[in-house]
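Novice: Turn this into a model:
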Amino acid sequence: MTSSSLRDDDAPDYSYMQRVKVYKLNENGTWDDKGTGHVSVEYMEQSDAAGLVVISEEDTSTLLIHRISRDDIYQRQGADTIISWLDPEIGTDIAISFQEAIGCNYIWGQIQTVQEEYCSSKGEVARAARRVVDEFDVSGPKAAEDCFQDSGSGSIEFPCPDMNNLPEVVKIITDVSSPMAHEKVAACLVKKGYLRKLLDVFRTIEDLEDAEGLVLTFKAVKGIVLLNDTTLFEHLLSDDTVMDVVGALEYDPELPAKQDHRAFLRDSVVFKEVVPITDPAVRAKIHRTYRIGYLKDVILARVLDDATFSTLSSLMLFNNVEVTLTLLNDPNFFQELFSRLHSHEPSKPEWQDLIAFLQELCSIAKYLQPVHRQQLFNTLICNGLFNVLTLAVGAPVPKTRLFALDILLSSLHQEPSTLRNFLNHQPNHELFGLLISGLVTSDQDGVQEQTLEILRLLLDPESVETSVNLFLETFYDKYVDQLVGALAQCLVKQPEGGDSSTPARPPSSASTLGLIVELLCFCVKYHSYRIKYYVLRNNVVEKVLKLTQRPEKFLVVAAVRFMRTCIGLKDEFYHRYLTKNNLFEPVMDAFVTNGDQYNLLNSSVIEMVDFIRRENIKSLIVHLMENFGTKFENITYVETFQELKIRYEQLQEGRGMQLPPGTTAPEALASAARLLPQTAGPGFRGIEAAAALCEQRTQRRREARMMDKDEEDYFSTGSDDDEEERSAG
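Specialist: Okay, the predicted model is just below:
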């Protein structure tokens, strides 16, 4: 079979492979879209070189002319659909984005070939450029089809598929190098039933138990898969060929024993229909999708390249989306689904399978178009989705709870107001209570993290809906006490004996406490007055700071993070609250106990102190220095605390310079001398001692300001000159 035998009057149009968008990087660092067109490699007579030319598809104007450089300036990005480079002639970045990855591969191959010709031709650059362009001329559909042959190897011709020719067939399939040749080989395999004939050869070899032939068929089928052609995948995974394909892939010579994949697919895999699907096309699509996943994740997991893995994953996704849209258009399917959900007991395996199906349906919904995604969730909600999820969140089976929480997350990402309205108006707020208790008491992996994310989305006040305010009122009136109560009991120990009629509530786990603090940080940051007055009335900060006594370092850091969040608001309300109740003490005690260990606790406290200094929060600076200044004196491995001390002295200097009206400096010194005997030791007596003390403080402030004599003379001279100029004027 020759390349000419594959051409006919109905040759497909391959121009879409050359369709690109042209981008240019502007001065602001963003990409400007210069238009859409078709790219080709052309010989440019003026520069005697080959170049990239992009012609606009709108008005046939030239969008880009670029002489291909012999230097290595070209890069591929964006899953092999973008070629970019820094153009040395205009000094800016250029990028062309292809509609199809195969077109990008084709042009990339042309660029590399041009560069190779430049290197080999030396002084014959012009002739080499003409030769390269002639080889890759894609002026029409017929020429584009000619490109599906391997460069320099002539047309691809498959021998008759039989046992004698099998080594040659394997060589043709596995030695293909260029992406265009991949397409040509795939077309040859599909046309005239060549793939089916090749699989019949495998059956014969397996019946003869020819070990060498089985290895060759494995290599052939593996090479066919790695051709990465979507049309070929449809034939490989169809009902009449899939078992032979899987059978050929069982004879991997690198594995110690034959893998019996066919027996697994035939005997162990069961298609479970939680709701009957009557459309045979949908059923076939579901079966094909499962086979793709089994091929990708089990049979060829070791040998698939990134491109083939991505193609198989995309095929699975597209099939799932198509199945979902078909079910969405069936008016009876969802009614039957929820009818079964309402009729089965939550403890039954059938009910759990229905929840698992619902979760998978919602996970696929994120890939639908917005209008279809909204239609799907509207259909689910109208059929009683949230009532079903209330049962699922409270179900005894952990896996079912995880599925239910995942469905809630999907619905929140689509439309948060719908779930808020349901929680606000549900009798006894049952689902809301289950979510809070799931965060506080659950010990199942994944449940608490998902619940935290759900509560964050629900408590987000950025929405302008009225349901947000009502929801927040419910949260602060009924449920936030449970979160803070868990923190209050973080140090409570269980009674050793079992005599107590009311045993202490089991303390929450360390991970639970960390998640609760994280949620409280979110509330402090976004809920302003509601959380502010709740913190004041319920001593929330004191309860959070109990975590500094826990042995788990990440909980101590969580407590520091909560205090840092309160300080970061720069709200004087929180500042007064922290200083009045001396709430820095447990944090500084933990910091001093930690010593100079370079860990997250050390860094978080230093950052908090540095933030206070940088933002010049005066009340906190004074409080820290007056209460913990002696502890800071020995911390010299960072400059943060010395800088805090300097800022404190600057504040004190500013206060000291404000003398009462009509009071002179000597009078102030005399007043200081009269006060010293009451507060100072025996060595500080009289006006001389007061003057010496003031002079000592002044000297320290001068050193802190670091202004030398030359700087003072400079500014003094400048001032005198200005005075003389004004007098002369």
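
Novice: What are the boundaries of the helices in the stretch 151-300 of the chain?
Specialist: Ranges of helices within the stretch 151-300 of the chain are 166-174, 179-190, 194-208, 211-226, 230-236, 242-248, 261-263, 280-294, based on DSSP state H, counting those that start in this stretch.

Novice: tell me which strands and helices the third one is in contact with?
Specialist: By that I understand helix 194-208. Judged by 3 or more C-beta pairs under 8 Å, 6 or more residues apart in numbering; DSSP states H and E, the packing partners of helix 194-208 are helix 179-190, helix 211-226, helix 230-236, helix 242-248. C-betas here are computed from N, CA, C, even on glycine.

Novice: what mean pLDDT would you report for the third one?
Specialist: This means helix 230-236. Taken as a whole, helix 230-236 has a mean pLDDT of 88.

Novice: Which residue is the nearest non-sequential neighbour of Leu166?
Specialist: Using C-beta to C-beta, 6 or more residues apart in numbering and skipping residues adjacent in sequence, the residue nearest Leu166 is Leu216, 4.9 Å away.

Novice: starting at the chain centroid, how far to stretch 241-256?
Specialist: 37 Å (C-alpha atoms, centre = their mean, to the nearest Å).

Novice: In that stretch, which of the residues would be classed as buried?
Specialist: Residues 242, 244-252 are the ones in stretch 241-256 that count as buried (16 or more other C-beta atoms under 10 Å).

Novice: And stretch 424-444, by the same measure?
Specialist: For stretch 424-444, using 16+ other C-beta under 10 Å, the buried residues are 429, 431-436, 438-442.

Novice: Straight-line length of that stretch, end to end?
Specialist: Length of stretch 424-444, first residue to last, C-alpha to C-alpha, to the nearest Å: 27 Å.

Novice: any residues touching it, and which ones?
Specialist: Stretch 424-444 has contacts (C-beta atoms under 8 Å, 6 or more residues apart in numbering) with 386, 389-390, 393-394, 398, 401-402, 405, 422-423, 447-448, 451-452, 454-455, 467, 470-471, 474-475, 478-479, 482-483, 486, 508-509, 512, 515-516, 519.

Novice: the longest helix in this structure is where?
Specialist: In the chain, assigned by DSSP state H, the helix with the most residues is helix 306-328.

Novice: what angle sits between that one and helix 211-226?
Specialist: 70 degrees (axes from the mean of the first three to the mean of the last three C-alpha atoms, to 10 degrees).

Novice: what packs against the following helix or strand past helix 306-328?
Specialist: Moving toward the C-terminus from helix 306-328, the next helix or strand (DSSP states H and E) is helix 333-343. In terms of contacts (3+ C-beta pairs under 8 Å, 6+ apart), helix 333-343 is packed against helix 349-365, helix 385-393.

Novice: could you redo the last one with a cut-off of 7 Å?
Specialist: Secondary-structure packing of helix 333-343 (3 or more C-beta pairs under 7 Å, 6 or more residues apart in numbering; DSSP states H and E): helix 349-365.

Novice: which residues are contacting the helix it packs on?
Specialist: 272, 274, 320-321, 324, 337, 340-341, 344-345, 373, 376, 392, 397, 400, 403-404, 406-407, 410 (C-beta atoms under 7 Å, 6 or more residues apart in numbering).

Novice: Tell me the predicted confidence for Leu675.
Specialist: The per-residue pLDDT reported for Leu675 equals 40.

Novice: Is it correct that Ala404 is in contact with Thr390?
Specialist: No. If you go by C-beta atoms under 7 Å, Ala404 and Thr390 don't touch, sitting 8.6 Å apart.

Novice: So between those two, which is more surrounded?
Specialist: Ala404 (25 against 19; other C-beta atoms under 10 Å).

Novice: show me what contacts that one?
Specialist: 355, 389, 392-393.

Novice: count of residues packed around the closest residue to it other than its chain neighbours?
Specialist: Spatial nearest neighbour of Ala404, excluding adjacent residues (C-beta to C-beta, 6+ apart): Ala392 at 3.4 Å. Residues contacting Ala392 under the criterion other C-beta under 10 Å number 27.

Novice: Flag the shaky bits of the stretch 551-700 of the chain, pLDDT-wise.
Specialist: 655-700 (pLDDT under 70).

Novice: Weed out the non-buried ones from the contacts of helix 349-365.
Specialist: 274, 320-321, 324, 337, 340-341, 373, 376, 392, 400, 403-404, 406-407, 410.

Novice: pretty sure Trp108 contacts Asp80?
Specialist: No. Taking contacts as C-beta under 7 Å, Trp108 lies outside contact range of Asp80: 8.2 Å.

Novice: Can you lay out the helices and strands packed on helix 194-208 as a markdown table showing distance to Val556?
Specialist: Shown next, in a markdown table, are the helices and strands packed on helix 194-208 (distance: least, C-beta to C-beta, whole Å):
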| stretch | distance to Val556 |
| --- | --- |
| helix 179-190 | 56 |
| helix 211-226 | 53 |
| helix 230-236 | 55 |
| helix 242-248 | 55 |
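
Novice: number of nearby residues for Lys192?
Specialist: Other residues lying near Lys192 total 13 when counted by other C-beta under 10 Å.

Novice: ditto for Ser508
Specialist: 23.

Novice: and it, how far is that from Val114?
Specialist: According to C-beta to C-beta, to the nearest Å, Ser508 and Val114 sit 67 Å apart.

Novice: Also Ile454?
Specialist: Going from Ile454 to Val114 by C-beta to C-beta gives 56 Å.

Novice: which of those two has more neighbours?
Specialist: The neighbour comparison of Ile454 against Val114 (other C-beta under 10 Å) goes to Val114, with 25 against 22.

Novice: Pull out the buried residues from the strand or helix carrying that one.
Specialist: Using DSSP H and E, Val114 sits in helix 101-121. For helix 101-121, burial by neighbour count (16+ other C-beta under 10 Å) applies to 101-111, 113-115, 117-118.

Novice: The nearest residue to Glu336 once chain neighbours are set aside: what's it in contact with?
Specialist: Excluding its sequence neighbours, the residue lying closest to Glu336 (C-beta to C-beta, 6+ apart) is Val275, at 5.3 Å. Val275 makes contact with 333, 336-337, 340, according to C-beta under 7 Å, 6+ apart.

Novice: try it again with 10 Å
Specialist: The contact partners of Val275, taken as C-beta atoms under 10 Å, 6 or more residues apart in numbering, are 327, 330, 332-341, 353-354, 357.

Novice: Of those, which is the most crowded?
Specialist: Counting neighbours by other C-beta under 10 Å, Leu341 leads those with 24 neighbours.
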